[in-house]
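**Student:** model the structure of this input:
(chains A and B)
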Amino acid sequence: MEIFNNILIYFVIVPLLTLGGLALCRNRGIKAIRTVAVIGASALMVLAVWLVSIFLQVRGAGDTSEMILRSDVLWYAPFNVHLALGVDGVSVVMILLSAFIVFAGVFASWKMNPLPKQFFMWFFLLSTGVFGFFISIDLFTMFMFYEVALIPMYLLIGVWGSGNKNYSAMKLTLMLMGGSAFLMLGLIGIYFHSAADGNLTMNILDIAHNNAIPHSWQYLLFPLTFVGFGVLGAMFPFHTWSPDGHASAPTAVSMLHAGVLMKLGGYGCFRIAIYLMPFAANQLAWIFLLLTGISIVYGALSACVQTDLKYINAYSSVSHCGMVLFAILMFNTTAMTGAVLQMLSHGLMTALFFALIGMIYGRTHTRDIRDMGGMMHIMPYLGVGYVIAGLASLGLPGLSGFAAEMTIFFGSFQHADTFRRVLTIMATTSIVVTAVYILRVVAKLLFGEVQDEHHRSLTDASWEERLSTATLILAVAAIGCFPNFFINIISSSFDPIVKSLQEALAAAIGAGNPPLL
Amino acid sequence: MMDYSQFLLMPQEIGLLLVFLLVFIYDTFMPERTQRHMPIFTVIMFALYTIYCFCPVAVGEAFGGMFETNAPTWVMKNILNVGVLLVLLQAVKWTNSDFVSVRRGEFYELLLLTLLGMFFMISARHFLLFVIGLETASLPIAALAAFEKRHYESHEAAAKYIFTAIFSSAIFLLGISFVYGMSGSLYFKDIATALIGNKSALLIAALAFVIAGVGFKLSLVPFHQWTADVYQGAPTAVTSYLSVISKGAAAFSFLVILVQVFGSAYSQAWEWMLYAIIILTITIGNLFAIRQRNLKRFLAFSSISQAGYIMLGVIAVNVMGMSSMIYYVLVYIFSNLAAFGVIAAIERHTGRVTMDDYNGLFKTNPWLAFTMMLAMFSLGGIPPFAGFFSKFFIFVGACHQGSVAIYALVLIALVNTIISLYYYLLVVKAMFLRQDDCVIPAFKSHWTERTGLILCVLGIIFIGLLSCIYAYINGAVDAISSMFAVIQ
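**Tutor:** Predicted coordinates for the structure are as follows:
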């Protein structure tokens, strides 16, 4: 079959093969399980790097088509559902990010107990969903992979989590599935209005080119899809699953969830909601800008008063993911590129945070910062890692957070209208607040008094923990030092989206129907 | 002079009758020591018959238009056959157990007869034949429900079932008499012609009564009151038969009646009536399911809400809606039978059926827990399992109609899937997340039960991923697409 010549399909096949390989392992054969998992994760990493090089070659050769590596196989003819593959710059970097985090996640859950085999099986099912989502350009398959990525969370948190895990797992699953219920209706609505001539299609590019969704329907479908994805992007007021879910999830799952899964929300928001319905996007952007603005400030302020390390990072994620959606809604190339950089940055940095927290928790058996202190002397490697993650989070130049946030705020401030400028200024205050809660934790946890004498005998990171965190730290520094490499890949992908948004805006103003704000 | 070639149009009914006769002869004339092989004999005969039925059949009308075989009815019957085959396979061990074995012949005979009745319901194009089919499909089930003679609940279930059945068929007959009064005929075709453009109140009343009659078998709210008690009291094999086959057949015949009889008098009023029933069915089924601890009762309420989803495909009245509804029933058969197969196996070995008994099941019986989890995920509509595809398609089919009202209806249905996901996850939670001191001990189920469950699991995984199955159904429905042209 022709589709197997496409590298993209292997992003789904490799995790599935890993899943099958794990199923063949014996329950107690921990070495075999680890070997299979590492082989699978490394293969994904190699594939992802290879994909980036292919992408650079193709673009370097002057191919400016919107999506490259296209493949198309008809699946359900009556609904015109295809297994349609294709990537642009944004998907490429998201795939790279996911591969990194899956790789780091495998090592972070090296000593997973109990049932390591089942854990890794669910873990790779989740990765299948994530990669499948990023490579699809068909509404149906995209949505299918989206839900495939969501449901393993229930068992991953419920079985292997800690704390109030039953409650968190159920809350997270139901809220995310609730979001996807709205999303499903939105997608069905888009499908039925995808073409004016009756040749209904599920292909995103075709729908965008047809641009046939009536304006009245866009008012209905845009909020459905945006909120549907926004729930996963932790948009206020639908973010409440995130702190509980992250706090209860095991380390690798928190990493994958904050690092990759929440990006599915942001990615879906612009790839489906905004790209396919530019008219309503322009008209309604102000509502969602307000909500995401609240997310940014509220998340940062909430993080200040938390004492549980995971809660601090979960709320900080709400703030940072809010920034992603905020920047996407600014509708210009600079801000949107910043949004993708922020997705990368936040993904790596939060994964690093959660990995470190998991390692600290595994030693101290507490995550309450009031019960810990002086970790810098006890476990210097983890301490330094934590400081680097913290500095990336508060936007130190040279690390990823700075590049992302600068781009976002530059882009947002480009707008001449007062509303967006005021919102941008409000959003920038979160940087200060972030510094407050990060430095507070660093001061207390790493440099404070040792609270518990037993902690003095704790060991520093083992080799697999070092490998896991070092990968992430290198990636964070790479984005911070060479943002242009990523910006070049990303920014041209936004041209068609920004163009259709501007045309829609001009048409709306021309028709005497400008957006309210 | 009778034209005997008309019988060629009913190969599925005649084949079923042959299987029935073979089973009956085996039961009556074979020596006592060979009787315990009868269940396997039935399964093999029925399997051969099911395979035979997949051969293409002649289509057309027989007996002066009373009976019709067309591509969709053929597919519907094949789907029911597959479901019955799974039920029979799962029941083998149960019918050989101590108290049941003396009467196992009756079990198979009655079950096959009710299936014959359902086939007539699907193919009938005259209300007289339809009522005969409806009664044949209902009354023996009461005997089946009372099969566990020594259990009080089984008797209660039978009594409840038969009273409701009689009552609802009385209402149904009243509805038909109204229709007859308006149109002067009992042939579907003649009625449809006579009712074109009819918007009288009498028609609405007639439709309401007809819905009451069929809605009882489908357990639509407010005709669902019997469901929980009967499902709980009846033997599990009978419950699984009731919940998938009987329901599926009722849904199919309801679709036929709605399109072929009342389709020409399509009006806003009965559309709203059906919308109300669907919303009530889905919501009430879901809300009651949350509080159930007995798993058979739990699945009873879940099946009520599933009937609401099936109805979404019925009201779509277009090719997409009809094929996605048939597909939905197919997927529902596999998912529900997987759940009931696990329940039956565990009940037979330990006698325990409440959700708390399943705590920690994963530790002792991982495969049963895994099967149950797949069944729950499929019923809840989680990809990549078949339930996701069937839910998505049925929603697409319903939205095809295009009005804002139907989008609102689908939104309500979608919000309800979240509620249903909650209680389906409760089962998963009990099996995987909870611990218990008295976990169900590890046991090895009988090979027939295992085969049945493996078939169900394969179905759950592959019915969705392989698009050819949907294409098969859609192709059959496409053959009669002109039927829908009357409507709208």
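
**Student:** near chain B, which residues of the stretch 151-300 of chain A?
**Tutor:** A:151, A:154-155, A:158-159, A:165-166, A:169-170, A:173-174, A:177-178, A:181-182, A:184-185, A:188-189, A:191-192, A:220 (C-beta under 8 Å from any C-beta of the partner chain). In short, each C-beta sits where N, CA and C put it, glycine included.

**Student:** and if we set it to 10 Å?
**Tutor:** Proximity of the stretch 151-300 of chain A to chain B (C-beta under 10 Å from any C-beta of the partner chain) is limited to residues A:151-152, A:154-155, A:157-159, A:161, A:165-166, A:169-170, A:173-185, A:187-189, A:191-193, A:200, A:216-217, A:220-221, A:224.

**Student:** out of these, which are buried?
**Tutor:** By neighbour count, with 16 or more other C-beta atoms under 10 Å in any protein chain shown, those hold A:151-152, A:154-155, A:157-159, A:161, A:165, A:169-170, A:173-185, A:187-189, A:191-193, A:200, A:217, A:220-221, A:224 as buried.

**Student:** helices - which of those land there?
**Tutor:** A:152, A:154-155, A:157-159, A:165, A:169-170, A:173-185, A:187-189, A:191-192, A:217, A:220-221, A:224 (DSSP state H).

**Student:** so the residue of the stretch 151-300 of chain B found nearest chain A versus B:Ser219, what's the distance?
**Tutor:** The stretch 151-300 of chain B approaches chain A most closely through B:Ile290 (12.3 Å), counting by C-beta to the nearest C-beta. Taking C-beta to C-beta, to the nearest Å as the measure, B:Ile290 falls 18 Å from B:Ser219.

**Student:** between the two, tell me which one has more neighbours.
**Tutor:** B:Ser219 (30 against 13; other C-beta atoms under 10 Å in any protein chain shown).

**Student:** excluding chain neighbours, what is closest to the residue of the stretch 101-250 of chain A found nearest chain B?
**Tutor:** Proximity of the stretch 101-250 of chain A to chain B (C-beta to the nearest C-beta) peaks at A:Ala181, 4.0 Å away. Closest residue to A:Ala181 apart from its sequence neighbours, by C-beta to C-beta, 6 or more residues apart in numbering or on different chains: B:Leu414 at 4.0 Å.

**Student:** now do the contacts for the one you found.
**Tutor:** Applying C-beta atoms under 10 Å, 6 or more residues apart in numbering or on different chains to B:Leu414 gives the contacts A:177-178, A:180-185, A:188, B:381, B:391, B:395.

**Student:** out of those residues, which is nearest to A:Ala339?
**Tutor:** A:Leu183 (19.6 Å; C-beta to C-beta).

**Student:** residue 275: which element?
**Tutor:** No chain in the question, so chain A it is. Per DSSP states H and E: A:Tyr275 is located in helix A:275-276.

**Student:** wait, chain B was what I had in mind.
**Tutor:** Going by DSSP H and E, B:Tyr275 is in helix B:268-290.

**Student:** what's the answer for A:Gly512, then?
**Tutor:** Per DSSP H and E, there is no helix or strand for A:Gly512.

**Student:** phi, psi for it please.
**Tutor:** As for A:Gly512, its main-chain torsions (degrees, to the nearest 10) stand at phi 70, psi 30.
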